[in-house]
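Asks: sequence plus the predicted model coming up.
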Amino acid sequence: MDFNKIFKYAWDLFVKDIVALLVGGLLAGIIGLVTLGILAGPMYGGLVKMVIRRVREKRPAEIGDIFSAMDQFGVLFLTTLVLGILIILGFVLCIIPGILLSTIWMYVIVFIVDKRLSMGDAMSRSKEMVTSVGFGMHLVMVLILGLISGILSITYIGGLVASPFILVVICVMYFIFTGEENLLSGAAAQIGSTYQQSTVSSLEIKKPSTDVAPPVVSVPIPASSSNCEQPQITPSNSRVAHMVCQNCNAKTGGGAFCTECGAPLKSVCSNCKKELVSGARFCPSCGFRIEP
């Protein structure tokens, strides 16, 4: 687990939608408190969907996105209630059980919002991903996030920042460990290119008026050339293929498991059936361009 990479991705995403995330986090906390926790799950589910939409759809976050998970009110309310009771009991008993439960169920809300799973399935998928990637490293991350939350919560403003930032960190880890880091890389590149364009335009240098224009060379055109068609150049990358599941040949855009047959996903080129690296744009065996 590359902690530096995770926090870099998380900070880039957080800064990009900082106003919507901070105001959304504040509203989620207030609404959850006023409704005695009844709407806390759907509100924080909306914050998670806000981050997921930014990564998947490159869609700017809006404050109203905190209400975007209300169609999953039942499962989010029940999950928040059950997980909250179990984790609190774990902390009351000996602290350690609460930390362990927080670790294995780190991705439950994200799985529910992104994959629309039931509470039981989301808890199982979260535990499976934590153990397969490394329970110890996830435990360290939980302790780091707890420390960050504790330090930021010393002040009122810091407390507002802590909750949405931690949700962004968890979403970043989710994308990385489900094999969709290329989406995060694309989001980071978009941030960089936007900054670069604004910097270049602000530092644009005008050419001095003393520049001498290059001489114009006239090329005679045969009379018959007006009746000739321009040659059509067909690039080699016009040949396209798709990334498909090796087991059932279903088209897939990445992830840990095939969405059609459920088999562990090993993506192959639909043209030559050679294995592809996740996020590849061209097949290394046949040269076909891989369309998402």
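Replies: Okay, I see it. Numbering: from 1, shown residues only.
Asks: which parts of the stretch 101-250 of the chain are strands?
Replies: In the stretch 101-250 of the chain, the strands defined using DSSP state E, counting those that start in this stretch lie at 240-245.
Asks: give me the residue ranges of it where confidence is low.
Replies: Along the stretch 101-250 of the chain, segments meeting pLDDT under 70 span 156-157, 186-242.
Asks: let's see it at 90
Replies: Applying pLDDT under 90 to the stretch 101-250 of the chain flags the ranges 101-102, 133, 141, 145-164, 178-250.
Asks: which residues of it fall in helices?
Replies: Counting by DSSP state H, counting those that start in this stretch, one finds helices in the stretch 101-250 of the chain at the ranges 108-115, 119-133, 135-152, 156-177, 181-202.
Asks: buried stuff in the third one?
Replies: The reference is to helix 135-152. For helix 135-152, a neighbour-count test (16 or more other CB atoms under 10 Å) marks 138-139, 141-142, 145, 148-149, 152 as buried. In short, each C-beta sits where N, CA and C put it, glycine included.
Asks: E62: what's it in contact with?
Replies: Applying CB atoms under 8 Å, 6 or more residues apart in numbering, we find E62 in contact with 20, 50.
Asks: can you pull the phi/psi pair for it?
Replies: The phi/psi pair for E62 (degrees, to the nearest 10) reads phi -130, psi 150.
Asks: do you know how far it is from I109?
Replies: 20 Å (CB to CB, to the nearest Å).
Asks: before we move on, back to that, now, which of the buried residues of helix 135-152 sits nearest A40?
Replies: Distance to A40 across those (CB to CB) is lowest for S149, with 16.2 Å.
Asks: who's in contact with the closest residue to the closest one other than its chain neighbours?
Replies: In space, and not counting its chain neighbours, S149 is closest to A162: 4.5 Å by CB to CB, 6 or more residues apart in numbering. Shown in contact with A162 (CB under 8 Å, 6+ apart): 148-149, 152-153.
Asks: which residues are contacting stretch 134-145?
Replies: 1, 3, 6, 99-100, 102-104, 106, 130, 166, 169, 173.
Asks: from the residues you listed, which is closest to G262?
Replies: V130 (19.6 Å).
Asks: would you confirm that that closest one contacts L101?
Replies: No - if you go by CB atoms under 8 Å, V130 and L101 don't touch, sitting 11.1 Å apart.
Asks: the two: who's more crowded?
Replies: Shown here are V130 and L101; by other CB atoms under 10 Å, V130 has more neighbours (22 against 18).
Asks: how much space between that one and L152?
Replies: Here V130 is placed at a distance of 24 Å from L152 (CB to CB).
Asks: next: D12.
Replies: 19 Å.
Asks: re earlier: would you turn the contacts of stretch 134-145 into JSON lines with distance to M123?
Replies: Listed next are the contacts of stretch 134-145 as JSON lines, based on distance: CB to CB, whole Å:
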{"residue": "M1", "distance to M123": "21"}
{"residue": "F3", "distance to M123": "25"}
{"residue": "I6", "distance to M123": "23"}
{"residue": "I99", "distance to M123": "17"}
{"residue": "L100", "distance to M123": "14"}
{"residue": "S102", "distance to M123": "13"}
{"residue": "T103", "distance to M123": "13"}
{"residue": "I104", "distance to M123": "8"}
{"residue": "M106", "distance to M123": "11"}
{"residue": "V130", "distance to M123": "11"}
{"residue": "I166", "distance to M123": "19"}
{"residue": "V169", "distance to M123": "20"}
{"residue": "M173", "distance to M123": "17"}
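Asks: whichever of these end up buried, select them in PyMOL.
Replies: In PyMOL, this line selects whichever of these come out buried by 16+ other CB under 10 Å:
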select buried, resi 6+99+102+103+104+106+130+166+169+173
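Asks: need phi/psi at the closest residue in space to L276 that isn't next to it in sequence.
Replies: Spatial nearest neighbour of L276, excluding adjacent residues (CB to CB, 6+ apart): S267 at 4.8 Å. Note on S267: its backbone torsions stand at phi -80, psi 140 [degrees, to the nearest 10].
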